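# For reference, the sequence and a predicted model appear below.
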Amino acid sequence: MYMDLVLPTAELILDQANWISATRLPEHEPDGRIQQALLYPNLLTQLLASTFGEPVSVELLALTPVGGGFRRNVALRAGERLCVVASTLMPESLVEHYPWLGSLGNRPLGQTLERFMETPKGPFEYRVMDPAEGLELGFRSRQPTWGRRFTFTLPEGGLTVMEIFSHGTLEQAGQWLLEKDCCCPQDGPS
């Protein structure tokens, strides 16, 4: 089912090059629908469910050790539609302090954090995922797609999340937001 799915590397998630802030997003993406969806600060699972009118499922693809912690890779689907691939870097110290992080399985990270604690989400950064970058990016495609990253800040450290959107997902989500007159702030989450 996920034969064409390639997950981002930890290096790509942490890379400091080629990421842009929300204020620079209009310079790189003229489509207002895509901008609105990328800027959406609330739970992504709720946006996807509202956009596609179907329940969103999270499928754990892998939980692997990486440099002093773990990387959790998941796929988000609305019904049968693959919408997003997400990777979360979890420092070992956080997993030791919050053991349930290592056993999230198919539960959504954002909803779980919201349920258990107030966890601020840092500012979003965005990156065009060029298909020429090949296997390090996300969905294998001939067209560029968007990725965004942010950090959930906990007292003991941060969880860095990167999301890569499948083609058409942002356009449809942004259209739903515009139709509902849901404008997203230019600086992302506060």
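Thanks, I have the structure now.

# which residues of the chain score low on pLDDT?
1-8, 130-143, 182-190 (pLDDT under 70).

# In it, what residue spans correspond to strands?
20-21, 56-66, 69-78, 81-91, 125-129, 145-154, 157-165 (DSSP state E).

# nearest to residue 114, of these?
Counting by CB to CB, residue 114 lies closest to strand 145-154 out of the strands of the chain; the figure is 9.9 Å. (C-beta placed from N, C-alpha, C; glycine too.)

# Enumerate the positions of that closest one that are buried.
By neighbour count on 16 or more other CB atoms under 10 Å, the buried set for strand 145-154 is 145, 146, 147, 148, 149, 150, 151, 152, 154.

# right, and the strands of the chain - which one's nearest residue 179?
Closest among the strands of the chain, using CB to CB: strand 69-78, at 16.9 Å.

# List the pairing partners of the closest one within its sheet, with orientation.
strand 56-66 (antiparallel), strand 81-91 (antiparallel) (DSSP bridges).

# quick one: it to chain centroid distance?
Centre-to-centre, strand 69-78 and its host chain are 9 Å apart (CA atoms, centre = their mean, to the nearest Å).

# is it true that residue 59 touches residue 105?
No: with contact defined as CB atoms under 8 Å, residue 59 does not count as touching residue 105 (9.5 Å).

# Out of the two, name the residue with the larger neighbour count.
residue 59 (14 against 11; other CB atoms under 10 Å).

# returning to what we had before: tabulate the buried residues of strand 145-154 (TSV), appending distance to residue 88.
Listed next are the buried residues of strand 145-154 as TSV, based on distance: CB to CB, whole Å:
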residue	distance to residue 88
145	19
146	18
147	14
148	13
149	10
150	11
151	10
152	8
154	12
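
# now, which of these sits nearest residue 26?
residue 146 (13.3 Å).

# Kindly state the beta-bridge partners for that closest one.
With DSSP bridges as the rule, residue 146 is bridged to residue 128.

# List the contacts of it.
Each residue near residue 146 by CB atoms under 8 Å, 6 or more residues apart in numbering is listed here: 29, 34, 38, 126, 127, 128, 129, 164, 165, 170.
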